[in-house]
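> sequence plus the predicted model coming up.
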Amino acid sequence: METIREKLQKLLVANEQIMDNQPSDDLYLEWAELAKAVSDLMNGFVKVLDSAEACRDLQKSYFKSRKLGHTYDASKLLDDSKKAEKALDDLIKHWSNQITPPLQGSQISLFE
C-alpha cells in the first residue's frame, strides 16, 4: 500500500513534469489528488494532537484524583490513561510510517 509520503512525492513529480511541459486537463486531476493527500496528512496530524491532549487530560485527572484520595476513581483513570497512551503510540507509529522516508533506495525530499 502506498504511503502518503510516497503519494505526495509521486504527485509533486508529476505536477512538476506537467508544468515543465505544457499544462493540460490532467493538471486539475493531479492537483485534486495532491490536495486530498495533503488533507489526509493534516487530518492525521490533528488526530495525533487530539489523542495526545486526551492522554494528557486523563493523566492530570488521575494525579488530581489520587491526590484527593479517591482510589477507585484514580484506579479507573489510570487504566483509561494507559489505554489512551496505547492509542497515542499506535497513531504515532501509523503516521510515522506514512511520512518517514524509506530506508532503502534513493530518497527524494518532498520540498527541494
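Arrived safely, thanks for sending.
> any idea how far residue 57 is from residue 89?
Distance of residue 57 to residue 89, given as CB to CB, to the nearest Å: 17 Å. For glycine as for every other residue, the C-beta is placed from the backbone atoms N, C-alpha and C.
> got it, and residue 31?
35 Å.
> top helix in the protein by residue count?
helix 26-67 (DSSP state H).
> next, the angle from the strand or helix carrying residue 73 to helix 26-67.
Following DSSP states H and E, the helix or strand that holds residue 73 is helix 71-99. Counting by axes from the mean of the first three to the mean of the last three CA atoms, to 10 degrees, helix 71-99 lies at 160 degrees to helix 26-67.
> any weak-confidence spans in this structure?
For the chain, applying pLDDT under 70 flags the ranges 19, 22-30, 102-112.
> do that again at 90, thanks
Within the chain, the segments meeting pLDDT under 90 span 1-46, 66, 70-74, 94-112.
> what residues are up against the residue nearest to residue 54 when sequence neighbours are not counted?
Closest residue to residue 54 apart from its sequence neighbours, by CB to CB, 6 or more residues apart in numbering: residue 84 at 5.4 Å. Neighbour list for residue 84: 51, 54-55, 58 [criterion: CB atoms under 8 Å, 6 or more residues apart in numbering].
> Throw these into TSV and include distance to residue 11 and neighbour count, thanks.
What follows is the contacts of residue 84, written out as TSV (distance: CB to CB, whole Å; neighbours: other CB atoms under 10 Å):
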residue	distance to residue 11	neighbour count
51	27	18
54	32	15
55	33	20
58	38	19
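> show me which of those is closest to residue 1.
Of all the contacts of residue 84, the one with the least separation from residue 1 (CB to CB) is residue 51, at 22.2 Å.
> just checking, the closest one touches residue 89?
No - using CB atoms under 8 Å, residue 51 makes no contact with residue 89, being 9.3 Å away.
> which SS state does the residue lying farthest from the centre of the chain fall under?
Farthest-out residue of the chain from its mean C-alpha position, per CA atoms, centre = their mean: residue 69, at 37.5 Å. Three-state assignment for residue 69 (DSSP: H, G, I helix; E, B strand; the rest coil): coil.
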